[in-house]
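Chemist: based on what follows, work out the 3D shape:
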Amino acid sequence: MGRNGAKTSDARKRSTRVNAPSASLLAAALRDRLAARSWSGWVASPGSRCAPLVRAFQELNVPSQVLLDERSAAHWALGAAVATGVPAFAVCTSGTAALNFGPAVAEAFYQQVPLLVITADRPADVIDNGHGQSIRQTRIFDDHVVAKALLDDRQTLEWNLEVLDRALEGLAFGPVHLNVPLAEPLYEAVAPRASGSVGVQSTTVETLPLEVPDFVLQAKRPLLVLGQWNPAWGDPEPAVCTLAAKGWTVAADPLSQLPSDAAEQLEDTWTLGALKPDAVVTMGGAWVAKQAKMGLRSTPHWAVGPRDPLPDMFGNLQARGYAAPLEGLDALANQAQDLGCRWVPQTRRAVPTSGWHDLTLHRLLAQEVPAGFDVHWANSTPVRYANFWWGQGQYVRGIRHFSNRGASGIDGMTSTALGAMWSTNRPTLLVTGELGFLYDGGAGIAYEALPALKVVVINNQGGQIFQWLNGPRESGQFERNFAFRHARSVRSCAENQGFAYRAARNEEEFRSQIHALLNDSVATVLEVYTDPDASEKAWKGRFGA
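Modeler: Residues are numbered from 1 along each chain as shown. Below is the predicted model of the structure:
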């Protein structure tokens, strides 16, 4: 009976495929749908199950790249989408390859980046039945995507395209997962694109007019915190200037894309003291200000953004408002009352420091980066140094600042910067630590030549952030389990990925090498050595004793 039952079941499975599309037909139809949309680029990794997809996608008039590591590939696509504001997609084979897209998907979710991840899959009836590279793929990103399309090779082509079209609309709000089960044969010829084939165009998201809550309009010391801002959203400075003219205080960091003279640096240069705001509005993405978040506890709060989550970060969220970023900012600027004069928080200026350490290095770097550059800041200390020196007015206008602050991990930082430069061809600098660079060691293992990314790797022999925190030293495991103290260089890692290599060990060498780096015509790493203890002392004494 068991044998007869199995035969009946197999026959039923075969019968459901009678009108279903072959792998090559499904791939061709998917290609034609994607061809009707704008893409900044697509990235793939080698594999077999995804063969029909990559063969079909080669006909798209879109830049493409092949990367060995799926984790790097997804971050390349993320970087392309971040830097251009135009969606990008990554393609991988089935099984554990798909899991490696996870860090980039999470980052895209919290940064609201239009990233499409396409995971090839085996047919549903072989999952959990002992076949290689087959895992339960359909729900692996569910908590960090805004939409998904689970295609089914047992359904008709029309059914699959309808599912796909609905999911792609989610790109207006963040990452989308497309899972594509493909039955063998996998290497059949894919039909070429038909002339005049039409898919579904991107749509404009319509939202209701935003109304500013009364508690915000009635505030005497209102504060706007502008978080991470994608340049594709539009220029925030005009609305910010309008609010400042009406008596608002605006706080930001370099990731807001504002020049430092248009906002206050909300963190260690600002002492809240008794002059605390009586209402705070948050817009944009994450911001690098842990102490300020603690200082603003219990302040009445209005959070504005295009979708949830809109976090209750101060424990006193009064309202949420839903609007596209620039639309929300303009609405606030237009509706805000004129307070007559601006309330000014108390700020601190850095004291001069001497010696060679991370603080000096970052000050010199700020003075050297010219307008027109995109700078990508790695987690965790580089982005904090950027925030500090931006607040001290050291960065010129005309620099775009980026960082993976959505999830704030060290995953894929080099890959993101490479993908950004690959898609824009803008002069691009990555500032990272040696551990972050080593962690993303597959970033440059690409089939085509690397874009001429400039990378400053600050080698302070471990995780410097843990020297700033209370607790790690007292644990007894500081050097081993927290700082990961070491004596390694990134040279072999950099050269293995295709980067040229430079090094500097003091201020004189750095001044010479940074000029050379910024003018190099090829992808280059400048490894700069600093002393971790001198760097810790300088950071903690940057405002004097």
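Chemist: from memory Ala120 sits against Ala44, does it?
Modeler: No: contact status for Ala120 versus Ala44: not in contact, 10.1 Å apart, counting by C-beta atoms under 8 Å. The way it works is simple: take the backbone N, C-alpha and C, and place the C-beta from them, glycine included.
Chemist: overlap of the contact sets of those two?
Modeler: Here Ala120 and Ala44 share the contacting residues 50, 53, 91-92, scored by C-beta atoms under 8 Å, 6 or more residues apart in numbering.
Chemist: which of those residues has the weakest pLDDT?
Modeler: Here the lowest pLDDT out of the shared contacts of Ala120 and Ala44 sits on Cys50, with 93.
Chemist: how many residues are close by that one?
Modeler: Counted with other C-beta atoms under 10 Å, residues neighbouring Cys50 total 25.
Chemist: state the number of residues packed around Ser492.
Modeler: Number of residues near Ser492 (other C-beta under 10 Å) recorded here: 11.
Chemist: spatially nearest residue to Asp338 (excluding sequence neighbours)?
Modeler: Using C-beta to C-beta, 6 or more residues apart in numbering and skipping residues adjacent in sequence, the residue nearest Asp338 is Lys246, 4.7 Å away.
Chemist: ok, the one you found to His401 distance?
Modeler: Look at Lys246 and His401: by C-beta to C-beta, to the nearest Å, they are 26 Å apart.
Chemist: what's the residue lying closest to Gln111 once chain neighbours are set aside sitting at in phi/psi?
Modeler: Among residues not flanking Gln111 along the chain, Gly406 sits closest, at 3.7 Å (C-beta to C-beta, 6+ apart). Here is the backbone geometry of Gly406 (degrees, to the nearest 10): phi -60, psi -60.
Chemist: check contacts around the residue nearest the centre of the chain.
Modeler: Among the residues of the chain, Asn404 comes closest to the average C-alpha position under C-alpha atoms, centre = their mean, at 4.1 Å. Residues in contact with Asn404 (C-beta under 8 Å, 6+ apart) are 107, 111, 378-379, 411-413, 416.
Chemist: residue contacts, the nearest residue to Thr84 once chain neighbours are set aside?
Modeler: Nearest non-adjacent residue to Thr84, counting by C-beta to C-beta, 6+ apart: Ser40, 4.2 Å away. Ser40 sits next to 62-63, 80-81, 83-84, 86-88, 423 when contact means C-beta under 8 Å, 6+ apart.
Chemist: can you list the residues you listed in CSV and add neighbour count, distance to Leu326 and secondary structure?
Modeler: Output for those, formatted as CSV (neighbours: other C-beta atoms under 10 Å; distance: C-beta to C-beta, whole Å; DSSP: H, G, I helix; E, B strand; the rest coil):
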residue, neighbour count, distance to Leu326, secondary structure
Val62, 17, 27, coil
Pro63, 15, 27, coil
Ala80, 31, 22, helix
Ala81, 31, 18, helix
Ala83, 27, 18, helix
Thr84, 22, 17, helix
Val86, 16, 17, coil
Pro87, 25, 18, coil
Ala88, 29, 22, strand
Ser423, 24, 22, helix
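Chemist: please identify which pair of the residues you listed lies farthest apart.
Modeler: Using C-beta to C-beta, the pair of the contacts of Ser40 lying farthest apart is Val62 and Ala83, separated by 15.3 Å.
Chemist: show me this structure divided up by domain.
Modeler: Structural domains of the chain, as assigned by automatic domain parsing, span the residue ranges 20-181, 214-347, 358-540.
Chemist: and the ones you listed: which comes nearest Glu188?
Modeler: domain 20-181 (4.4 Å).
Chemist: centre of the chain to the closest one, how far?
Modeler: Taking C-alpha atoms, centre = their mean, to the nearest Å, the mean C-alpha location of domain 20-181 is offset from the chain mean by 18 Å.
Chemist: helix or strand for Val280, which one?
Modeler: Assessed by DSSP states H and E, Val280 sits inside strand 279-283.
Chemist: which helices and strands does that strand pack with?
Modeler: Strand 279-283 is packed against helix 214-217, strand 222-226, strand 301-305, helix 325-335, with contacts defined by 3 or more C-beta pairs under 8 Å, 6 or more residues apart in numbering; DSSP states H and E.
Chemist: most tightly packed of the ones you listed?
Modeler: The densest packing among the helices and strands packed on strand 279-283, expressed as mean neighbour count by mean count of other C-beta atoms under 10 Å, is seen in strand 222-226 with a mean of 27.
Chemist: next SSE downstream of it?
Modeler: In the C-terminal direction, the helix or strand that comes right after strand 222-226 (DSSP H and E) is helix 237-245.
Chemist: picking that back up, given the strand holding Val280, what are its sheet partners and their directions?
Modeler: Strand 279-283 has the following strand partners under DSSP bridges: strand 222-226 (parallel), strand 301-305 (parallel).
Chemist: rewinding a little: check contacts around the residue nearest to Gln111.
Modeler: Counting by C-beta under 8 Å, 6+ apart, Gly406 has contacts 106-111, 113, 228, 285-286.
Chemist: what's the answer for Glu107, then?
Modeler: Counting by C-beta under 8 Å, 6+ apart, Glu107 makes contact with 75, 78, 113, 404, 406-407, 409, 411-412.
Chemist: and if you look at Asp308?
Modeler: Neighbours of Asp308 in contact, by C-beta under 8 Å, 6+ apart: Arg320.
Chemist: ok, it to Gly174 distance?
Modeler: Note on Asp308: its distance to Gly174, by C-beta to C-beta, is 11 Å.
Chemist: strands of the stretch 251-400 of the chain, start to end?
Modeler: Shown for the stretch 251-400 of the chain, the strands assigned by DSSP state E, counting those that start in this stretch span residues 264-265, 270-271, 279-283, 301-305, 317-322, 346-347, 374-377, 400-403.
Chemist: JSON lines for those, including distance to Thr530 and mean pLDDT?
Modeler: Formatted as JSON lines, the entries for these read as follows, by distance: least, C-beta to C-beta, whole Å; pLDDT from 0 to 100:
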{"stretch": "strand 264-265", "distance to Thr530": "23", "mean pLDDT": "88"}
{"stretch": "strand 270-271", "distance to Thr530": "27", "mean pLDDT": "70"}
{"stretch": "strand 279-283", "distance to Thr530": "34", "mean pLDDT": "97"}
{"stretch": "strand 301-305", "distance to Thr530": "38", "mean pLDDT": "97"}
{"stretch": "strand 317-322", "distance to Thr530": "41", "mean pLDDT": "97"}
{"stretch": "strand 346-347", "distance to Thr530": "27", "mean pLDDT": "76"}
{"stretch": "strand 374-377", "distance to Thr530": "17", "mean pLDDT": "98"}
{"stretch": "strand 400-403", "distance to Thr530": "20", "mean pLDDT": "98"}
